[in-house]
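Asker: Need a 3D model of the sequence below.
(2 chains)
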2 protein chains.
Amino acid sequence: MKHQQQEWLSTPKLICGLMSGTSLDGIDAAIVEFSVQNGKHIFTIKSHTTIPYSPEFRTEITRIIEKKSTIADISWLHFAISEFHAIAVQKACELAGITPHLLDGVGFHGQTVWHSPTPKKKLGNSISSTLQLGSPSVLATILGIPVVGDFRSADVAVGGQGAPLVPMFDANFLREENRSIIALNIGGIANITLLPALDHNGSIRAFDTGPGNVLIDAATRMFFGKQLDSNGAFAAAGRTVGAMLTQLKNHSFITKVPPKSTGREDFNPTWLQKRIRTTFQPSIPSEDIVRTVTEFTAWSIAENIRLFADTSSKIIASGGGIHNKTLISMIQKELPNTEIITTDAIGIPSDAKEAICFAYLAYRTLGGLPGNIPTVTGASREVKLGVIAFP
Amino acid sequence: MKHQQQEWLSTPKLICGLMSGTSLDGIDAAIVEFSVQNGKHIFTIKSHTTIPYSPEFRTEITRIIEKKSTIADISWLHFAISEFHAIAVQKACELAGITPHLLDGVGFHGQTVWHSPTPKKKLGNSISSTLQLGSPSVLATILGIPVVGDFRSADVAVGGQGAPLVPMFDANFLREENRSIIALNIGGIANITLLPALDHNGSIRAFDTGPGNVLIDAATRMFFGKQLDSNGAFAAAGRTVGAMLTQLKNHSFITKVPPKSTGREDFNPTWLQKRIRTTFQPSIPSEDIVRTVTEFTAWSIAENIRLFADTSSKIIASGGGIHNKTLISMIQKELPNTEIITTDAIGIPSDAKEAICFAYLAYRTLGGLPGNIPTVTGASREVKLGVIAFP
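Answerer: Presented below is the predicted three-dimensional model:
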């Protein structure tokens, strides 16, 4: 296949990346043109959009993740998700002013319904696994263009965590010559990728730092009945409750030495309620609670950078959390010597970053290039990620 | 991709085909070399073998098909099946005296756990679907060779039944210049593919004729406690019970006009018990029952050929049922003017035929050729089948 891969990389390619995260909000789609210039990959974003899942659709996915299901229901969802992603591609194409047939490929993450890189022993076999619903074959047949999917299995098959995969994008597009970069993503959970300066030999590492928006969202829902603290206005109007902050900081994950990963099983509304119970008083204004939780979140991110990274790095932030201005300014206050910018400042819409990343991973797979970074995922070697459906 | 496909077809290719049927016996593997000679595809079989599933493994698959399961269990099985297929490839390679790295590709059918080409309406969407467990990406990563999988989805996505797919093999390798051929497969259910003579313009059709081994096996288990009537010895020792045969023949599926398909939901031990209840007497020797059921099976196949095919065709039979000599001789008696041979007679081990077919379908997909026959599956057009994982 060598010849074909070089051919692939020899001309610019237009790829639609599709990401549907574990938050089950919907599908992010981004159309990106990739090409090679002076031996380096470069890209231009043509369009990006989000198609929300309907509440019923979200409920159905949640049901399959949380409860036992018939294989008929799973098979139905596998195809339904594929068809729904076709609509997202079409919308992104409309925004870019092109027809889907002009695309050279699609990067189709699929909907994660299970991810267990830790082996599970059954019937005498210890087996790690990951499962994303959505058939690349169905999507390629509908759209008439090559579709890459099932990005995580190969890394898991060689002993990796199958995640994070975004660092391959960060490594190619965010690194600088003589300053180390920290790519910070604030989703439900926050994670950082450490990118040593190119003139250094250091290896790329990535790990979760703790909560991203998950606890702030939970506090806002509990005390204001709102989905999120947009712009961080509630937190900005409150004052930190010292005793409560001390209680929150007392979670061993934050200072745990990497590699490490966490999730909603560790940080969730129930955990938050338990943690603030002893220091909570009805007289405390709701804004103060949200501010304290925001303060804790900012501290947990900063503390990880102080302990395990270089504070003279530049932080490039992305994810929904960057819209919370109070959170970002708190992180900046915790790290006074660290420059913090968002991916938007360098031309990457932060909401579309993951979709752009999976467009890039599809570009690599179609070009015969590996997509995982073993020092990041723990895989025993580099592997090409995913399967390709040619229409 | 045009250039690469022509390159693929320009030299002989060694492919391992893997089939694990709905009988859940285990995995059939066949290593086959394909090449193009005078514009026609030709093949040579290098080895074939079967790896049985352990009883526990079979029970686990059955449980997932029949009962509600957690997505964790399905994800585990998805990876476990992939790893088990790697063992089958390795065994087939040993028998062929080669290492897996000498293979150019693998055709990985996967374990069908759901197949519903009839649309199911849910959440306002009518969706057909099919689901084969086993990740081509995992198998390709383990073996270090390209793996093709998910063969049925694309055909379902364009309105086809996603089955049968074997006719593409039959069309290329069993057709004759001036005589029509009937490819008869006697598995649990029996089906035929009608291959008009090449000098004719007729289209290829395929359909189920009714029971294959399913009722004979059921009768043998009920009356002799044995899994099957090997060689048809029980049937050979019995006499037909006329009234019982008449009752059995009274099933509308047999004479239904094609296209048609059936399954174990129509023909199963419970149906058989109900059907023979009124004519059963304890004095009837068990051999007579098995013979009568065998007679019915032979008649149902022959009747379909008399009604919907050309009795001057040559029948090329395959599937487990061809080992039942009594069954085959009964079909011959029903169709005195039809020549009946087995695929073994033309160098295709009948037990390995499906694995050989999926090796061929992988060869076609890797060569950029479509794999379905729209007149057979009902698809709106020809499509390339499956996804490819490049290691």
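Asker: so how far is stretch A:325-332 from its chain's centroid?
Answerer: Offset of stretch A:325-332 from its chain centre (Cα atoms, centre = their mean, to the nearest Å): 20 Å.
Asker: correction: stretch A:365-374
Answerer: On Cα atoms, centre = their mean, the centre of stretch A:365-374 falls 18 Å from that of its chain.
Asker: and what of stretch A:90-107?
Answerer: Relative to its chain's centre, stretch A:90-107 lies at 23 Å (Cα atoms, centre = their mean).
Asker: I'd assumed A:A30 was in contact with A:A352.
Answerer: Yes. The pair formed by A:A352 and A:A30 meets the contact definition of Cβ atoms under 8 Å, at 4.4 Å. Yep, even glycine has a C-beta here, placed from its N, CA and C like the rest.
Asker: Compare neighbour counts for the two and give me the winner.
Answerer: A:A30 (32 against 26; other Cβ atoms under 10 Å in any protein chain shown).
Asker: Report the outermost residue of chain A with respect to its centre.
Answerer: A:S283 (37.8 Å; Cα atoms, centre = their mean).
Asker: On the pLDDT front, check it for me.
Answerer: Listed pLDDT for A:S283 reads 92.
Asker: go on, A:M1?
Answerer: 49.
Asker: Kindly report the same for the one 5 residues further on.
Answerer: In the predicted model, A:Q6 carries a pLDDT score of 75.
Asker: for it, helix, strand, or coil?
Answerer: For A:Q6, the secondary structure call by DSSP: H, G, I helix; E, B strand; the rest coil comes out as helix.
Asker: Same check on A:L14?
Answerer: Under three-state DSSP, A:L14 comes out as strand.
Asker: and it, what is it in contact with?
Answerer: Neighbouring residues of A:L14 by Cβ atoms under 8 Å, 6 or more residues apart in numbering or on different chains: A:31-33, A:46, A:98, A:102-104.
Asker: likewise A:F280?
Answerer: For A:F280, the contacting residues are A:244, A:289, by Cβ under 8 Å, 6+ apart.
Asker: ok, 10 Å please
Answerer: Shown in contact with A:F280 (Cβ atoms under 10 Å, 6 or more residues apart in numbering or on different chains): A:241, A:243-244, A:247, A:273, A:289.
Asker: how about it, secondary structure?
Answerer: coil.
Asker: what do you get for A:I42?
Answerer: Here A:I42 is strand, with the state taken from three-state DSSP.
Asker: Give me the nearest residue to it, chain neighbours excluded.
Answerer: A:S35 (5.9 Å; Cβ to Cβ, 6 or more residues apart in numbering or on different chains).
Asker: pLDDT score assigned to the one you found?
Answerer: 97.
Asker: who does the helix or strand hosting it pair up with?
Answerer: Take DSSP states H and E as the rule and A:S35 turns out to sit in strand A:26-37. Applying DSSP bridges, strand A:26-37 is found paired with strand A:13-19 (antiparallel), strand A:40-52 (antiparallel).
Asker: Make a markdown table out of those strands and add distance to B:P258 and mean pLDDT.
Answerer: As requested, the strands paired with strand A:26-37 are exported to a markdown table (distance: least, Cβ to Cβ, whole Å; pLDDT from 0 to 100):
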| stretch | distance to B:P258 | mean pLDDT |
| --- | --- | --- |
| strand A:13-19 | 40 | 98 |
| strand A:40-52 | 41 | 97 |
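Asker: on that earlier part again, adding neighbour count, write the contacts of A:L14 out as CSV.
Answerer: Formatted as CSV, those follow (neighbours: other Cβ atoms under 10 Å in any protein chain shown):
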residue, neighbour count
A:I31, 29
A:V32, 28
A:E33, 17
A:K46, 19
A:I98, 16
A:L102, 12
A:L103, 24
A:D104, 18
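Asker: picking that back up, now do the strand holding A:S35: distance to the chain's middle.
Answerer: With Cα atoms, centre = their mean, you get 15 Å for strand A:26-37.
Asker: Surely A:H200 touches A:N178?
Answerer: Yes. Applying Cβ atoms under 10 Å as the test, A:H200 and A:N178 come out as touching, 8.4 Å apart.
Asker: What parts of the stretch 101-250 of chain A come near chain B?
Answerer: Within the stretch 101-250 of chain A, the positions near chain B by Cβ under 10 Å from any Cβ of the partner chain are A:113-116, A:119-125, A:127-133, A:135-142, A:146-158.
Asker: Those in helices, which ones?
Answerer: Counting by DSSP state H, the part of those found in helices is A:136-142, A:153-157.
Asker: Tell me how many other residues crowd the residue nearest to A:G320 when sequence neighbours are not counted.
Answerer: Nearest non-adjacent residue to A:G320, counting by Cβ to Cβ, 6+ apart: A:N213, 5.7 Å away. Using other Cβ under 10 Å as the criterion, A:N213 is surrounded by 24 other residues.
Asker: returning to what we had before: could I get the ones in helices among the residues of the stretch 101-250 of chain A next to chain B as CSV with pLDDT and neighbour count?
Answerer: Below are those laid out as CSV (pLDDT from 0 to 100; neighbours: other Cβ atoms under 10 Å in any protein chain shown):
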residue, pLDDT, neighbour count
A:P136, 98, 31
A:S137, 98, 29
A:V138, 98, 31
A:L139, 98, 29
A:A140, 98, 30
A:T141, 97, 25
A:I142, 97, 21
A:S153, 98, 29
A:A154, 98, 31
A:D155, 97, 32
A:V156, 96, 28
A:A157, 97, 26
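Asker: contacting residues for the closest residue to chain B within the stretch 201-350 of chain A?
Answerer: Residue of the stretch 201-350 of chain A nearest chain B, by Cβ to the nearest Cβ: A:E265 (13.3 Å). By Cβ under 10 Å, 6+ apart, the contact list for A:E265 reads A:W271.
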